[in-house]
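Undergrad: need coordinates for the below:
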Amino acid sequence: MSSHHITLAKSLPPRLIRFFAKYPPPALLPNKPAAISIPTTSPIVASTTSSSNPNAPALESATTTTTSDSTTPTAVSPAVPELPYHNPFQPRKNFTTGKWWGPVYGLRKQADLVKLASKHGVVDLLPHTIKKPGEKEKRRIERGLRVKGTGVGERVKGKKWERTLKGRLEERKQAMLNMPALIQEWKQKGHGRGWKKWPK
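TA: Below you'll find the model as predicted:
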């Protein structure tokens, strides 16, 4: 670790120091060796079964072991993952019991850690979380708004009163424009005498 990293670590708040002590950034860890290659050996057994009598018991000769020139990586050491530990911001499954374990840090604590890291300029050292800056916009671009009717050429159905609101507002506007003539007609007809309640 360089002196710059040491100086930066000393300036961090204790909460971030405790987090990075438990979950160190992969960029600051020493490189792990790749898959170890070992020579493969395969035993070869020579059979002395007589071709004239196939039912005769086979006599095994000395077993010879050959070593192949090419080396293959072992299956014990798989490829090195991106993180040397499980991401504490994501849930994981216990394959023994089939149950899920929740993340070590909830969304509220994740947001607090991201705010602290952004304030001190070390947000890129945190593991992946949906609370990082730009993640929400990125997921919206990838998945879309995910609301029916908001796509290109689509229309939200809405409630009945929302669908008929435009027509009702137009009727009210026309009624207000015709109101002076309606008042004059009401006065001429005797101030309501013989006036029908619902004129056609």
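
Undergrad: just the strands in the protein please.
TA: Secondary structure of the chain by DSSP state E: the strands cover 37-44, 64-73, 92-94, 99-101.

Undergrad: what's the distance between S118 and K131?
TA: According to CB to CB, to the nearest Å, S118 and K131 sit 10 Å apart. Backbone N, C-alpha and C define where each C-beta goes, glycine included.

Undergrad: between the two ends of stretch 157-170, how far is it?
TA: Start-to-end span of stretch 157-170 (CA to CA, to the nearest Å) is 20 Å.

Undergrad: now do the buried residues in that stretch.
TA: Residues of stretch 157-170 include none that count as buried (16 or more other CB atoms under 10 Å).

Undergrad: quick one: residues in contact with it.
TA: Applying CB atoms under 8 Å, 6 or more residues apart in numbering, the external contacts of stretch 157-170 come out as G149.

Undergrad: redo that, cut-off 6 Å
TA: The contact list for stretch 157-170, computed with CB atoms under 6 Å, 6 or more residues apart in numbering, is empty.

Undergrad: that one - what's its average pLDDT?
TA: Stretch 157-170 shows a mean pLDDT of 93.

Undergrad: likewise stretch 88-97?
TA: Mean predicted lDDT for stretch 88-97 stands at 94.

Undergrad: and what of stretch 175-186?
TA: Stretch 175-186 comes out at a mean pLDDT of 92.

Undergrad: can you check stretch 129-140 too?
TA: Mean predicted lDDT for stretch 129-140 stands at 89.

Undergrad: just the helices in this structure please.
TA: 3-10, 14-22, 107-120, 135-143, 160-163, 165-177, 179-188 (DSSP state H).

Undergrad: deepest of the ones you listed, which one?
TA: Most buried of the helices of the chain by mean neighbour count (mean count of other CB atoms under 10 Å) is helix 107-120; its value is a mean of 15.

Undergrad: mind listing residues that contact that one?
TA: Taking CB under 6 Å, 6+ apart as the rule, helix 107-120 contacts L12, L16, F89, V123, L126, T129, K131, K132.

Undergrad: now the angle from it to helix 3-10?
TA: With axes from the mean of the first three to the mean of the last three CA atoms, to 10 degrees applied, the angle from helix 107-120 to helix 3-10 works out at 130 degrees.

Undergrad: what number of residues lie near the residue nearest to R155 when sequence neighbours are not counted?
TA: Leaving out its chain neighbours, the residue that sits closest to R155 by CB to CB, 6 or more residues apart in numbering is G149, at 5.6 Å. Other residues near G149 come to 10 when the count uses other CB atoms under 10 Å.
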